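Trainee: how would this look folded up:
(one chain, ligands or ions: 1)
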Amino acid sequence: MIEAVDVAKVYRRGRTEVRALAGVSLTVPKGEFLSVMGPSGSGKSTLLNLLGALDVAGSGSLRIDGRELSRMKDDELSAFRRERLGFVFQFFNLMPTMTALENVMLPGLLSGRGQVELRRRAETLLETVGLGGRTHHRPDELSGGEMQRVAVARALLMEPAVLLADEPTGNLDSRTGAEVLRMLREATRERGLTVVMVTHDLKAAEVGDRIVRLADGLIVGDERVVHEQAA
Ligand SMILES: Nc1ncnc2c1ncn2[C@@H]1O[C@H](COP(=O)(O)OP(=O)(O)OP(=O)(O)O)[C@@H](O)[C@H]1O
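Mentor: Below you'll find the model as predicted:
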């Protein structure tokens, strides 16, 4: 599903060079929930930006959902991003003047799909994330956890192959964060969705199937998470 081979990224600022990623190889099978950890500056956001086709790698190969990103033109990349990838961010990034329902429908409206079908799907997704009763609330009428649930529903609208989450619980208290993660875990498991989540929080990371650790732009750890069996 995701296959990165020797992916490197150097940022140049005047005469200084920063090797944000120094050759990362990583395979994430379909349906896996991967957590990425590492100290500040280790390259986590850079990796997520490359996986999200928001930036291009300097070298190496990056295949997602069978497509080699380096061979795609800008308009192909935006279409790929819109149709195959879902994003969840630390600060939710909801439109403040729109209701929860409108926020969830938004990626679909931009893609030109029919309103009636989109509305039905958005309502179903809001039910799935436990917000069936909040469809007409605007973000300032929702709690942080509810806003992040709306963001998860929005990320799922286009039925992406991969969901990328950047510190999705970074702005939530630990209990609310855990609830959002449980909901994310269930919603993605039902859909066989591949998830890559960057987090500083080990508890959050352990919700995933596997934890990859970065340091200085390299993978320095890669372990499976052992989950207790439900009784
Ligand atoms: N646009 C940019 N221009 C120049 N340098 C950059 C740019 N983006 C990132 N860097 C540098 O690349 C390195 C990796 O940054 P990155 O943001 O990927 O780290 P991170 O692990 O996500 O850190 P944090 O946990 O603080 O968000 C850092 O040294 C950073 O300063």
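
Trainee: CA only for contacts and neighbour counts going forward, please
Mentor: OK.

Trainee: give me every residue that touches the residue nearest to residue 97 when sequence neighbours are not counted.
Mentor: Nearest non-adjacent residue to residue 97, counting by Cα to Cα, 6 or more residues apart in numbering: residue 138, 6.6 Å away. Contact partners of residue 138, counting by Cα atoms under 8 Å, 6 or more residues apart in numbering, are 96-100.

Trainee: who wins for neighbours among the residues you listed?
Mentor: Using other Cα atoms under 10 Å as the neighbour test, the contacts of residue 138 are led by residue 100, with 31 neighbours.

Trainee: Residue numbers of this protein in contact with the ligand?
Mentor: Counting by Cα under 6 Å from any ligand atom, the positions of the chain adjacent to the ligand are 11, 18, 20, 39-46.

Trainee: mind redoing it with 8 Å?
Mentor: Residues of the chain lying near the ligand by Cα under 8 Å from any ligand atom: 10-13, 17-21, 37-47, 200, 214-217.

Trainee: So residue 211 is in contact with residue 35, correct?
Mentor: Yes. In terms of Cα atoms under 8 Å, residue 211 counts as a neighbour of residue 35; the distance is 4.7 Å.

Trainee: Between these two, which is the more surrounded one?
Mentor: Higher neighbour count among residue 211 and residue 35: residue 35, with 26 against 23, using other Cα under 10 Å.

Trainee: next one: phi and psi at that one?
Mentor: Taking degrees, to the nearest 10, you get phi -100, psi 140 for the backbone angles of residue 35.

Trainee: which residues in this protein form strands?
Mentor: Here the chain has its strands, by DSSP state E, at 2-13, 16-28, 33-37, 59-64, 67-68, 85-88, 162-166, 194-198, 210-215, 218-224.

Trainee: tell me the centre residue of this protein?
Mentor: Nearest residue to the geometric centre of the chain (Cα atoms, centre = their mean): residue 164, 1.5 Å.

Trainee: Just list whatever residues bridge to that one.
Mentor: residue 87, residue 196 (DSSP bridges).

Trainee: Would you mind finding the longest helix in this protein?
Mentor: helix 174-191 (DSSP state H).

Trainee: mind checking which helix or strand of the protein has the lowest mean pLDDT?
Mentor: Every helix and strand in the chain was compared by mean pLDDT, DSSP states H and E; the lowest is helix 174-191, with a mean of 89.

Trainee: Residue 3: neighbour count?
Mentor: As a burial measure, residue 3 scores 20 neighbours (other Cα under 10 Å).

Trainee: brain fart, residue 120
Mentor: 12.

Trainee: What of residue 14?
Mentor: So residue 14, with other Cα under 10 Å, has 6 neighbours.

Trainee: Now it: phi and psi?
Mentor: For residue 14, the backbone dihedrals are phi 60, psi -120 (criterion: degrees, to the nearest 10).

Trainee: ok so, going back, right, so of the strands of the chain, which gets closest to residue 143?
Mentor: Of all those, strand 85-88 sits nearest to residue 143, with 16.2 Å by Cα to Cα.
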